[in-house]
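**Student:** Generate a structure from the sequence data that follows.
(2 chains)
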Amino acid sequence: GNSVTQMEGPVTLSEEAFLTINCTYTATGYPSLFWYVQYPGEGLQLLLKATKADDKGSNKGFEATYRKETTSFHLEKGSVQVSDSAVYFCAGNTGGFKTIFGAGTRLFVKA
Amino acid sequence: GAVVSQHPSWVICKSGTSVKIECRSLDFQATTMFWYRQFPKQSLMLMATSNEGSKATYEQGVEKDKFLINHASLTLSTLTVTSAHPEDSSFYICSAQEVGGKETQYFGPGTRLLVL
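**Tutor:** Have a look, this model is predicted:
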């Protein structure tokens, strides 16, 4: 069946470090892919998305490129800030109603 | 745009009582809304899919008589936890999918339920 696998956390970085959170998706077709962010005590916010191969989603300095060959959608940011500390969820949808979520990766950024 | 609200944000209740949680899409119409449950430091568990004007579709293992869902309009879905017990304590999150939208879900801020 469909699944989303993302790297386990927590990830701890110093401010201004480079961030990569890996995500791969297994599906029968080519899904739309998403990254959501959850700040403490809050719901999920859509961070970025890509709907087809080679699309790049970007927002707030975060980027992710939909790689068709590996169905990967790794999240990157060149210089993280303390305010980026949150849980990041990779997710995919093949066009049906259900969105499949990864387990989440907790990011801690130290000043 | 694409704002989803939930009410209440926090609720504490006694065991045996029922609790209603509202999910509203504020600036768009949603034929489909989803209810999730999230345990501490875990991912989201889909409980049910709510379609306007029809019965909700529950995921395997979710008791439909325990978690009543009503999607009365294109902007409102409610989840009622009936006869709540301490094990129902959790963070409940709803999301909404815009009519004609392409897979993107917009999430509410969540409702934290504590059953004493």
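**Student:** only C-alpha atoms for contact and neighbour calcs from this point on.
**Tutor:** Fine.
**Student:** Can you tell me which residues in chain B are near chain A?
**Tutor:** Counting by CA under 8 Å from any CA of the partner chain, the positions of chain B adjacent to chain A are B:42-44, B:93, B:102-103, B:105-110.
**Student:** could you redo the last one with a cut-off of 7 Å?
**Tutor:** Neighbours of chain A within chain B, by CA under 7 Å from any CA of the partner chain: B:42-43, B:93, B:103, B:107-110.
**Student:** Need the residues you listed in TSV (columns: secondary structure, pLDDT and neighbour count).
**Tutor:** Formatted as TSV, the residues of chain B next to chain A follow (DSSP: H, G, I helix; E, B strand; the rest coil; pLDDT from 0 to 100; neighbours: other CA atoms under 10 Å in any protein chain shown):
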residue	secondary structure	pLDDT	neighbour count
B:42	coil	81	13
B:43	coil	83	18
B:93	strand	94	28
B:103	coil	67	22
B:107	strand	91	28
B:108	coil	93	26
B:109	coil	91	26
B:110	coil	92	28
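**Student:** right, and residue A:8 touches residue A:105 too?
**Tutor:** Yes: using CA atoms under 7 Å, residue A:8 is in contact with residue A:105, at 5.7 Å.
**Student:** Compare these two (neighbour count), which wins?
**Tutor:** Between residue A:8 and residue A:105, counting by other CA atoms under 10 Å in any protein chain shown, residue A:105 is the more crowded of the two (23 against 13).
**Student:** Return the residues in contact with the more buried one.
**Tutor:** Counting by CA atoms under 7 Å, 6 or more residues apart in numbering or on different chains, residue A:105 touches A:7-10, A:87-89.
**Student:** Of those residues, which is the nearest to chain B?
**Tutor:** residue A:89 (8.0 Å; CA to the nearest CA).
**Student:** right, and the helix or strand after the helix or strand of chain A with the lowest mean pLDDT?
**Tutor:** For chain A, counting by mean pLDDT, DSSP states H and E, strand A:100-101 ranks last in confidence among helices and strands (a mean of 88). Using DSSP states H and E, the next helix or strand after strand A:100-101 towards the C-terminus is strand A:105-110.
**Student:** all strands in chain A, in order from the N-terminus.
**Tutor:** Secondary structure of chain A, counting by DSSP state E: strands at A:3-6, A:11-14, A:19-21, A:23-26, A:32-38, A:44-50, A:56-59, A:62-65, A:75-77, A:86-93, A:100-101, A:105-110.
**Student:** any idea which of those scores lowest on pLDDT?
**Tutor:** Comparing mean pLDDT across those, the weakest is strand A:100-101, with a mean of 88.
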